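> requesting a structural model of the entry that follows:
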Amino acid sequence: MIEAKTSELAPLRLDQIQKLLGTAGPCITLLLPAYRPGERVKSMATRLKTSLQEAARQLAHQKVPAAVATALLKPLEQLAEDEELLAGSHFGRVIFRSGEVFEQFELMEPPSQTLTVGGRFQIRPILAELHYQSEFYVLKLSKKGVGALRCARLRGEHVQLPKGVPETLEEAMAFKQPDHDLENRSAAGSSIGSIRRVRFGTGSGRETQHTHLSDFYKAVDRGIRELLHAGKAPLILTGVDEDTARYRMINTYPNLMEQGVHGSSSGSMSEDDLLRQAYAIIRSHCTERAAADLAESREVMSPARFTTDLEAILSAAANARVSRLYVDQSIQKLGFFQGPSQKERWDWGAEDLLNTAVVETLLNGGSAFALPSDRMLDGAAAAAVLRF
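Predicted coordinates:
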């Protein structure tokens, strides 16, 4: 057994997971919920210790030699005493451990505490997070000020809008008055008496305010396009409905998300909560896109290139024939399958065949997506687009 050192804790990425998939069992996958000190729930360290007791029991049941089991569990037991783990975390965590692998990653989505011991790592519960964009932006909107937040690696970093872009409505009004709302003056007639001129405007006070606000947001929109010139990073709006609706009317940035975070301009929302809601929007967008691709694939692909038969999917995935795989995120299909590259030394019993299909697909360069049950086709547990 090769002694593996744990990597630095980092957000989950698809390329990192693909490197782990070919490892030989025993493979231990641990999912741990977030824990904040003071909460009336078990700490992450306590949950890990409980899971390790169960892992030891399962390894013994599968007749894994005691020396192998001890070597597998020792670094995990040391991790359970780590000060950082004891201190708590705002994010959940997934831990992968085998004879050659010891990796851990932060999770934005709050997982349930889960332990899996088997011939493959359990990837399916975290599959949705593998498709999050590496970075996106949040634009905070209000009449009192705007601000941009770059979100990456489960963190938010405030970024400056380009030079010349006003950050407040007051600042924008100081730059230039809207041409169609300038104060107008007219010479008074003889009946006015000593009054030399009469003032009049071209719009009501409310119309004037809306015009100023629209001009302000147009300037912000120009700044956003300059900041995100490639147009690929998603942009999420946050603010009260009045502000976000008005901004959407003038927006020209092509990758503005339809959903936004509502009511956060008052400052009552913490940055962690804002990030969680923003990542939820990103996940919803990824889910809708995958579901639309699945529905379209069924319509345009020939029967020879599209199947919902799980046995056929497993065989095709193991032989590098699956281009895109879609699996139900909430059910399990237990059974037995051994891929051509897998040489098992232990009998793990029935395993999650949907996870097996995911692992084999990713291992062979395909893409895999997890969808809610109501977005799958006709109650199918899995669907696949085949390369040939």
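> from now on I want contacts and neighbour counts done on CA atoms only, so please keep to that.
Will do.
> contacts only, for residue 143.
168, 169, 213, 243 (Cα atoms under 8 Å, 6 or more residues apart in numbering).
> return the member of these nearest to residue 284.
For these, the minimum distance to residue 284 (Cα to Cα) is 22.7 Å, reached by residue 243.
> what helix or strand is the spatially closest residue to residue 97 that is not a sequence neighbour on?
Nearest non-adjacent residue to residue 97, counting by Cα to Cα, 6 or more residues apart in numbering: residue 28, 5.0 Å away. Assigned by DSSP states H and E, residue 28 falls within strand 27-32.
> local confidence estimate at residue 192?
Per-residue pLDDT puts residue 192 at 42.
> what do you get for residue 203?
51.
> ok, then the element right after the strand holding residue 28?
Next along from strand 27-32, by DSSP H and E: helix 44-61.
> output the contacting helices and strands for the helix or strand that that following helix is followed by.
Heading C-terminal from helix 44-61, the first helix or strand you meet, by DSSP H and E, is helix 66-79. Using 3 or more Cα pairs under 8 Å, 6 or more residues apart in numbering; DSSP states H and E, the elements in contact with helix 66-79 are helix 44-61.
> same question for the helix it packs on, mean pLDDT?
93.
> can you check stretch 333-348 too?
74.
> list the buried residues in stretch 10-29.
11-13, 17, 20-21, 23-29 (16 or more other Cα atoms under 10 Å).
> what does the strand holding residue 28 rub up against?
Residues contacting strand 27-32 (Cα under 8 Å, 6+ apart): 44, 47-48, 51, 55, 92-99, 111-122.
> list buried residues within those.
Looks like these have 44, 47-48, 51, 55, 92-99, 111, 113-122 buried, using 16+ other Cα under 10 Å.
> mind listing what's buried along whatever helix or strand residue 289 lives in?
Element membership for residue 289, per DSSP H and E: helix 271-300. Under the neighbour-count criterion of 16+ other Cα under 10 Å, helix 271-300 has 274-276, 278-283, 285-287, 290-291, 294, 297-298 buried.
> any stretches of this structure with poor pLDDT?
Across the chain, the ranges flagged by pLDDT under 70 are 1-8, 37-38, 175-209, 264-268, 339-345.
> okay, now residue 75: neighbour count?
Counted by other Cα atoms under 10 Å, the residues lying close to residue 75 total 16.
> hmm, back to that, narrow the buried ones among the contacts of strand 27-32 to those in strands?
Of the buried ones among the contacts of strand 27-32, the ones assigned to strands by DSSP state E are 92, 93, 94, 95, 96, 97, 114, 115, 116, 117, 118.
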